[in-house]
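J.: sequence plus the predicted model coming up.
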Number of protein chains: 2
Amino acid sequence: MNLILIDPDEINGGNTVLAGRRSAHIRNILKAGINDTVKIGIINGKMGIGIITAIEGEKVALHLQIDLPPPPPPCIDLILALPRPIMLKRILVQAVTMGVNHIYLINAKRVEKSFFSASILADDGWLPFLLSGLEQAVDTRLPELSIHHRFRPFIEDTLPPLLSDVEQRLIAHPTGGRLAWSNCSGAGQVALAIGPEGGWVDFEIEKFREAGFTVFSLGPRILRVDTAVPAIMAQVNMIKAMG
Amino acid sequence: MNLILIDPDEINGGNTVLAGRRSAHIRNILKAGINDTVKIGIINGKMGIGIITAIEGEKVALHLQIDLPPPPPPCIDLILALPRPIMLKRILVQAVTMGVNHIYLINAKRVEKSFFSASILADDGWLPFLLSGLEQAVDTRLPELSIHHRFRPFIEDTLPPLLSDVEQRLIAHPTGGRLAWSNCSGAGQVALAIGPEGGWVDFEIEKFREAGFTVFSLGPRILRVDTAVPAIMAQVNMIKAMG
C-alpha cells in the first residue's frame, strides 16, 4: 500500500478517521505515530498527505492536506475474456497497477460458463482488487469495470458506441504479427482485447476484425493470461511513451 | 502444460513410460488414449511427439518421435534481488515462460535475510517452477539458476566474467529514464537487473553502474516485482524483435 485511499464521504471538515485495513497498515506496517504524515488519495480525486492527529485503539485520526493532481489517465481500455476467478483477482490488481481506464470482462467460446458465477463478480466483489492496484501504483482514478455475459451483443451493439473515440484497437492472437509502432503510437486511447486460456475462436477474431481491431501476437511462446496482460500492456505503454 | 518434458534418462530405445503428474495430465486433462499423440520435449534437447502405446493404471507408455529443434535461446539474463518465496515461485514461472537464459538470485540491502532460508532455494526446490515455465512456453532449454548470498562479491567478482560477452546491461530503478531503443536493440544478449520491494539502495545502483549497467525506469507508477518482471521483459523482447 503505497497510497492510502479514502472515499470522499469519509472526509469531515478536512479530517478523517480510519479503522480496519488502512488503520492497521498505518499502525503496523508504516509504524506511524502522532504528527507523522502518510500519503493519502481521494478516490477519483486529488492526492496529498494526512497528518496523524490521534490514535485510539484501532482508530487513526488524520488531518488532510489534499492538493496534488493524480497521475494522467491511463490510455488503455482492456477487453478481457473472463479468466478463472483466482487468476482474475491477480490480473485486476496488475492491470490497475499498470494503468487501465475501463475493464470489460466478456464472454467467449472458451470461457467456462461457471466463471460468471464467481463471487468476485457479484456485489462489486472486484472493487477491493481495483483499489489494491491503485494503492500499489499511487493513483486515485478508479477504472470502470463492466461484465458482459454474451459475446455477440457485446461486440455488435455494446462496444461500438463505447469505442467511438478510440481509433487504436488491438486484439492479441497467435496468428498476428508482432505489435508494430504504427499500431498504437501517438496520443490516442487504445482498446486492447486479450483472450481466454486456449485463445479466441475464429468467429470471435472475425467479429473483432469487423469492429476495427488489428490482430497482433506476442511471439511464439504461449503465455498464461496473467503473464500476457502485464506484458502486452507494457509494450503498448512503451510505444505510447516513445511518442 | 502445453508440452510434456522428459529427461533424457527416461528414454529407453525410443520409448518412455510416464507416471505421476505428466501421466495424470495425459489421462485426465488431454484425455488421450492409445495411438493418440502428445507434444513431447527432451529437457535441454529437441522436441517432437509421443505416440501412446499403452495405458496401465497410472502408467502411460509412449513411443517417441523427436526431431524438431527447440525455440531459439532467450536473449535475457535476469538478475533478481531475491523476492519473498511465494512471489519468487510466480516470477520464476513467468520469467521462464517469457524466456530467460540465466537467473541470478542475489542479495541486496532491502532483501529480507529470511528469504534465503526458503525451502524453494534448497535441494533444487526451484526446479519444478522452471519446468512449469518451459511446459507453458513450449520450450526445452532449462535456464541456469544461481543463488548469491552476498551482494558485493557478486557484483565485483562473480558477475564480470559471466557478463564478458554481454554488452547490453540494464538496471530498473525509478531515477532512470524510459527504456530506449538504443538500450537493447540489435542481436546481443541483455543482462537485466530488477530490485527488491522498496528498491535498490544508492550503493547498489552505484556498483551496477560501475559494472556497466544503464539505469532505466518503467515510469512513475510503482509496480510490484511480479508485475515488473513480465512488463520489463516484454519491453526488452519487443525492442529485440523490432531489430
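T.: Everything's here; your move. Numbering: from 1, shown residues only, chains lettered A, B, ... in the order given.
J.: buried sites along the lowest-mean-pLDDT helix or strand in chain A?
T.: Between all helices and strands in chain A, the lowest mean by mean pLDDT, DSSP states H and E belongs to helix A:181-184, at a mean of 80. Residues A:183-184 are the ones in helix A:181-184 that count as buried (16 or more other Cβ atoms under 10 Å in any protein chain shown). Any C-beta I mention is one placed from the backbone N, CA and C, and that applies to glycine too.
J.: mind giving me the packing neighbours of that helix?
T.: strand A:168-178, helix A:225-242 (3 or more Cβ pairs under 8 Å, 6 or more residues apart in numbering or on different chains; DSSP states H and E).
J.: residues touching it, excluding its own?
T.: The contact list for helix A:181-184, computed with Cβ atoms under 8 Å, 6 or more residues apart in numbering or on different chains, reads A:168, A:170, A:190, A:214, A:216, A:236, A:239-240, B:242.
J.: any chance of these in CSV with distance to residue A:109, neighbour count and pLDDT as columns?
T.: Below are the contacts of helix A:181-184 laid out as CSV (distance: Cβ to Cβ, whole Å; neighbours: other Cβ atoms under 10 Å in any protein chain shown; pLDDT from 0 to 100):
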residue, distance to residue A:109, neighbour count, pLDDT
A:168, 25, 24, 93
A:170, 20, 24, 96
A:190, 24, 23, 95
A:214, 21, 17, 95
A:216, 20, 20, 93
A:236, 25, 22, 93
A:239, 30, 21, 87
A:240, 31, 20, 86
B:242, 32, 12, 77
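J.: just give me the closest of those to residue B:83.
T.: residue A:236 (25.5 Å; Cβ to Cβ).
J.: and the helices and strands packed on helix A:181-184: which comes nearest chain B?
T.: Nearest to chain B, of all the helices and strands packed on helix A:181-184, is helix A:225-242, at 3.6 Å by Cβ to the nearest Cβ.
J.: ok, now which ones touch the most centrally placed residue in chain A?
T.: Residue closest to the average C-alpha location in chain A (Cα atoms, centre = their mean): residue A:96, at 2.8 Å. By Cβ under 8 Å, 6+ apart, the residues touching residue A:96 are A:129-130, A:132-134, A:136-137, A:139, A:143.
J.: of the residues you listed, which belong to helices?
T.: A:129-130, A:132-134, A:136-137 (DSSP state H).
J.: thought residue A:215 was touching residue A:178, still the case?
T.: No. Taking contacts as Cβ atoms under 8 Å, residue A:178 lies outside contact range of residue A:215: 11.2 Å.
J.: which of those two has more neighbours?
T.: residue A:215 (17 against 14; other Cβ atoms under 10 Å in any protein chain shown).
J.: the more buried one: which element?
T.: strand A:214-217 (DSSP states H and E).
J.: which neighbouring elements make contact with that strand?
T.: strand A:168-178, helix A:202-210.
J.: picking that back up, between the helix or strand that the least confident helix or strand of chain A is followed by and strand A:168-178, how many degrees?
T.: Where DSSP H and E defines the elements, the next helix or strand beyond helix A:181-184 is strand A:190-194. Angle of strand A:190-194 versus strand A:168-178, following axes from the mean of the first three to the mean of the last three Cα atoms, to 10 degrees, is 50 degrees.
J.: note down every partner strand of strand A:190-194 and its orientation.
T.: Its sheet considered, strand A:190-194 pairs with strand A:76-81 (parallel), strand A:168-178 (parallel) by DSSP bridges.
J.: could you list the domains of chain A?
T.: Following automatic domain parsing, one finds the domains of chain A at A:4-68, A:76-242.
J.: starting at the chain centroid, how far to the first one?
T.: Which is domain A:4-68. Distance of domain A:4-68 from the chain centroid (Cα atoms, centre = their mean, to the nearest Å) equals 23 Å.
J.: from one end of it to the other, what's the distance?
T.: Domain A:4-68 has an end-to-end distance of 14 Å (Cα to Cα, to the nearest Å).
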